[in-house]
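A.B. asks: what follows is a predicted structure for the sequence shown.
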Amino acid sequence: MKRIVVKLGTGILARPGGRSLDTAQFQRLVHEFAALVSAGHSVIVVSSGAVTAGVSALGLKARPTDLPGKQACASVGQPLLIREFDRNLSRHGLNAAQLLVTHDDIDSRKRRANARTTLDRLLAAGTVIPIFNENDSVAVEELNFGDNDRLSAEVAILVEADLLIICTSADGVLDAARRRVPLIRDIDSAFGLVLPEKGANSVGGMAAKLTAVKIAVTGGIETCIIDGRRPEGVLDAAHGRDVGTRFPATGKRRPRPAPAA
């Protein structure tokens, strides 16, 4: 019975052009989440995509480049994003729980403890998938830097996850010959393989994802970077199959307490 955190970037949830959400993607990914829950695992999602949803709702021709514009889109788009998750989860008898946080929330001992208590109660229900996003109305790290990459690692550590799966537009980490590297034990060596390119709809890039990986594996959490548009990709990663790039944990993860009888 694993706790699995799945990070979904903007490029994974957006249609080509980045002006609206890809509803087919939500349907496929939620189907995989439901399969994991049905097998007894807990799934926690860290999702970007609120700005993209807001672009469509506001009828804009392109994603804003200025910070106030991005924040306005995120404010409008966040309810639409969670509605899309909830609409698809309900088909599997599941519910979405929205958690908007900032990095200050994670860093604060009191707020971190409150969030953990809430999460434990949600996961104990067995029918809820918590969905995290940065609170873009008051925080701007996702909008300016990492597309929720770092947040996904912080959430994985918060919930004492067994596995973090980062879904991106690349088939894991690629070497100089553009071949997938299936396993990387030395996370620092991976930064030498990073190319400056990133997906058209992505905010971060592979360097931001590797930074998140380093936080997670140092905290004792095995991590995978996979192609988020690969069918069954999340399931394959969760079951330890050869998909994307896998990073074994290097630190010790604090064992979760056994559930109350």
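C.D. replies: Yep, it's here. Predicted, not measured: the structure shown is a model, and the values here were computed from it.

A.B. asks: check the gap between Gly126 and Ser42 for me.
C.D. replies: 8 Å (C-beta to C-beta, to the nearest Å). The way it works is simple: take the backbone N, C-alpha and C, and place the C-beta from them, glycine included.

A.B. asks: equivalent analysis for Ala212, please.
C.D. replies: For Ala212 relative to Ser42 (C-beta to C-beta), the value is 20 Å.

A.B. asks: who's more crowded, these two?
C.D. replies: Remark: of Ala212 and Ser42, Ala212 carries more neighbours, 27 against 23, as counted by other C-beta atoms under 10 Å.

A.B. asks: which of the helices or strands spans the more buried one?
C.D. replies: Ala212 belongs to helix 206-218 when assigned by DSSP states H and E.

A.B. asks: can you name the element that comes right after that helix?
C.D. replies: Assigned by DSSP H and E, the successor of helix 206-218 is strand 222-227.

A.B. asks: low-confidence regions, the stretch 1-150 of the chain specifically.
C.D. replies: 136-147 (pLDDT under 70).

A.B. asks: that one: strands as residue ranges?
C.D. replies: Using DSSP state E, counting those that start in this stretch, the strands of the stretch 1-150 of the chain run over 3-8, 42-47, 95-101, 128-134.

A.B. asks: who's the closest residue to Leu123 other than its chain neighbours bridged to?
C.D. replies: Closest residue in space to Leu123, ignoring its immediate chain neighbours: Ser42 at 4.7 Å, by C-beta to C-beta, 6 or more residues apart in numbering. Ser42 has the following beta-bridge partners by DSSP bridges: Arg3.

A.B. asks: how far away is Ser42 from Cys73?
C.D. replies: Separation of Ser42 from Cys73 (C-beta to C-beta) stands at 31 Å.

A.B. asks: was I right about the residue nearest to Leu123 contacting Leu122?
C.D. replies: No. Under the criterion of C-beta atoms under 8 Å, Ser42 is not in contact with Leu122, lying 9.2 Å apart.

A.B. asks: please enumerate the helices of the stretch 101-250 of the chain.
C.D. replies: In the stretch 101-250 of the chain, the helices defined using DSSP state H, counting those that start in this stretch lie at 103-107, 109-125, 141, 149-158, 187-190, 206-218, 233-238.

A.B. asks: so can I have JSON lines of those showing distance to Gly11?
C.D. replies: As requested, those are exported to JSON lines (distance: least, C-beta to C-beta, whole Å):
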{"stretch": "helix 103-107", "distance to Gly11": "22"}
{"stretch": "helix 109-125", "distance to Gly11": "27"}
{"stretch": "helix 141", "distance to Gly11": "18"}
{"stretch": "helix 149-158", "distance to Gly11": "12"}
{"stretch": "helix 187-190", "distance to Gly11": "20"}
{"stretch": "helix 206-218", "distance to Gly11": "12"}
{"stretch": "helix 233-238", "distance to Gly11": "14"}
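
A.B. asks: deepest of those helices, which one?
C.D. replies: Stretch with highest mean neighbour count among these: helix 149-158 (a mean of 26; mean count of other C-beta atoms under 10 Å).

A.B. asks: what residues does that one touch?
C.D. replies: 5, 7, 9, 44, 46, 101, 103, 106, 112, 115-116, 119, 132, 134, 141-142, 161, 164, 166, 204, 208-209, 211-213, 215-216, 219, 221, 223 (C-beta atoms under 8 Å, 6 or more residues apart in numbering).
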